[in-house]
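J.: I would like the atomic coordinates for the input below:
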Amino acid sequence: MEELTLMVPTYYGAANCETERFPAKEEFDQPNVPILICEAEGVRVVLGSHAFQDLTKPDVQIERRPNGWAIFLHPVPGGDASGLVYFLDDGRSFLVPDGLGSQGIVILDREEKVPMIDDPPPPEATPMFNAGLPGALAKALAQANFALAGDSNDDEHAALLALVEALEEHCDSIADPPMTVIARASSETPR
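T.: Residues are numbered from 1 along each chain as shown. Predicted coordinates:
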């Protein structure tokens, strides 16, 4: 399998144009974040990792179709697509929300801003892998949490939710400072 690994700088230009939140940053600056581009029944782009099997990072899957391109959006690692973008060879494009992979796609008006995209990262946020659990247990918690956002039947959902809640309660009792869960899935029963 052919792969291309890149380190992509963070874009601060829009944030700097509006406020002084990042006064010491250039338009494109640190941190540089890993991206993996590889063949995978089309092309898969893993955002934030150089590991193909990293189920903790979002990805985009690109497939060639007879008259254009289908781009599957996976914002929840290891989950179903939240939507698809189609580019037709004649120049038309389509966004098709799916709503299964996360909380769905939020469609904004042209004048609206994407919430939090250019905000400074919260200093107290700690990835759940560093929450005091042994590595394998932390990874299992993350995978169960991400699976909650995907398709599951009611029994699977209830079992995963119970596991996630028990492990989070355990993490809260041993973590100092308390663990902040990133990308926590909804506790609602899946559709």
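
J.: For burial, what's the neighbour tally of the closest residue to Thr56 other than its chain neighbours?
T.: Leaving aside its sequence neighbours, Thr56 sits nearest to Pro77 (CB to CB, 6 or more residues apart in numbering; 5.3 Å). For glycine as for every other residue, the C-beta is placed from the backbone atoms N, C-alpha and C. Using other CB atoms under 10 Å, Pro77 has 22 other residues around it.

J.: Next: Asp119.
T.: 9.

J.: Look up how far Ile35 lies from it.
T.: To Ile35, Asp119 is 22 Å away according to CB to CB, to the nearest Å.

J.: And for Ala51?
T.: Ala51 is 11 Å from Ile35, where distance means CB to CB.

J.: Sheet partners, orientation included, of the strand ranked longest in the chain?
T.: Longest strand in the chain, counting residues (DSSP state E): strand 28-39. Here strand 28-39 has these sheet partners by DSSP bridges: strand 3-11 (antiparallel), strand 43-47 (antiparallel).

J.: residues of it that come out buried?
T.: The neighbour-count check on strand 28-39 (16 or more other CB atoms under 10 Å) flags 34-37 as buried.

J.: want to throw those residues into CSV with pLDDT and distance to Ile62?
T.: Output for those, formatted as CSV (pLDDT from 0 to 100; distance: CB to CB, whole Å):
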residue, pLDDT, distance to Ile62
Pro34, 95, 18
Ile35, 95, 13
Leu36, 94, 13
Ile37, 95, 10
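
J.: For Ala159, state which of those is nearest.
T.: Nearest to Ala159 among the buried residues of strand 28-39: Leu36, at 31.5 Å, using CB to CB.

J.: The closest residue to that closest one other than its chain neighbours: how many residues sit nearby?
T.: Excluding the flanking residues, the one nearest Leu36 by CB to CB, 6+ apart is Val46, at 4.2 Å. Val46: 25 surrounding residues under other CB under 10 Å.

J.: shouldn't Val46 be in contact with Asp59?
T.: Yes - counting by CB atoms under 8 Å, Val46 does reach Asp59; the two are 4.8 Å apart.

J.: any idea how far Pro66 is from the residue nearest to Leu36?
T.: Val46 is 27 Å from Pro66, by CB to CB.

J.: Same check on Gln30?
T.: Distance of Gln30 to Pro66, given as CB to CB: 43 Å.

J.: pLDDT at Ala40, what is it?
T.: Note on Ala40: pLDDT of 87.

J.: In contact with it, which residues are there?
T.: 1, 52, 61 (CB atoms under 8 Å, 6 or more residues apart in numbering).
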